[in-house]
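The following block contains a protein sequence and its predicted model.
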Amino acid sequence: MKLAALRAPTFDPGTRWRYSNTGYLLLGAIIRRVSGMFYGDLLGQRLFRPLGMRSARVISEADIVPNRSAGYRLVRGQIKNQEWVAPSLNTTADGALYLSIRDLIAWDRGLTDGRVLTARSRTLMWTPAKLVQGGSVDYGFGWLGDSADSSTFTAVRGFTTTLLDDVRREAVRLADSSTSSTFHGCDNLARLNLERHGAVVARSCYVDFAQRDGPALGTFWLTAQGAVADFSLFYH
């Protein structure tokens, strides 16, 4: 925190926006100061376990993590391993999380069902920020979006994983552009009494779509009668 305090502001608050790792680092320090807990432990206690995100965790090079995937990068047309980051720098609140596709699905479920944050906080998170001199930027709290279309907001990326919300138009594009698709089965949700857009959901079914620009996992939320109550899409 002392090092951050020595840095001069890049611009006056509210006049511009630029992504800042330092802001997230400070947030993690504030979480520890207020709660007395490491931010990763707090996420596990408050979010991951209650939402059923069974493999979500802070990165650890020492722990044995089942089905751990590695990150890659493209260098002059060749695939290389991700750049090494010292463990002491890879557990801070500016990221450093491992999540599976099923964890992302559980996260999406929690957001949509109102189990994460209050309604007011979620609205702030998905509303383009206003600038003091007028206008707005395509950013909520931790989410990027379109200031001209408030229904479209995506999570800030890690590796190349993106979560999109309210993507029915994207489902139509997928159907037109996918070279193939793979069905991965369904989960029975009837006993959870979940609702999506006013309809009770009985099952969530998963389909991988093969795309020229990469794979995408679609989640179809179905009623007991088989009607699609909602659709979520994850690029991965």
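Yep, that arrived. Numbering: from 1, shown residues only.

where does residue 134 fall, phi/psi-wise?
Residue 134 adopts backbone torsions of phi 100, psi 160, taken as degrees, to the nearest 10.

separation between it and residue 183?
For residue 134, the distance to residue 183 (C-beta to C-beta, to the nearest Å) stands at 49 Å. Backbone N, C-alpha and C define where each C-beta goes, glycine included.

which of the two has more neighbours?
Set residue 134 next to residue 183 and count neighbours by other C-beta atoms under 10 Å: residue 183 wins out with 9 against 6.

isn't that one right up against residue 205?
Yes - Residue 183 lies in contact with residue 205 (C-beta atoms under 8 Å); the separation is 7.4 Å.

Can you dump the C-alpha atoms of the lengthiest helix in the chain in PDB for me?
Criterion DSSP state H: the longest helix present in the chain is helix 21-35. Provided in PDB are the C-alpha atoms of helix 21-35 (Å, rounded to 0.1, in the frame of the first residue of the first chain):
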ATOM      1  CA  ASN A  21      -4.000  -3.800 -11.500                       C
ATOM      2  CA  THR A  22      -3.000  -1.600  -8.600                       C
ATOM      3  CA  GLY A  23      -6.600  -0.900  -7.700                       C
ATOM      4  CA  TYR A  24      -7.300  -4.600  -7.400                       C
ATOM      5  CA  LEU A  25      -4.100  -5.100  -5.300                       C
ATOM      6  CA  LEU A  26      -5.300  -2.400  -2.900                       C
ATOM      7  CA  LEU A  27      -8.800  -4.000  -2.800                       C
ATOM      8  CA  GLY A  28      -7.200  -7.300  -1.600                       C
ATOM      9  CA  ALA A  29      -5.300  -5.400   1.100                       C
ATOM     10  CA  ILE A  30      -8.500  -3.700   2.200                       C
ATOM     11  CA  ILE A  31     -10.300  -7.100   2.400                       C
ATOM     12  CA  ARG A  32      -7.500  -8.500   4.600                       C
ATOM     13  CA  ARG A  33      -7.600  -5.400   6.800                       C
ATOM     14  CA  VAL A  34     -11.400  -5.400   7.200                       C
ATOM     15  CA  SER A  35     -12.100  -9.100   7.500                       C
END
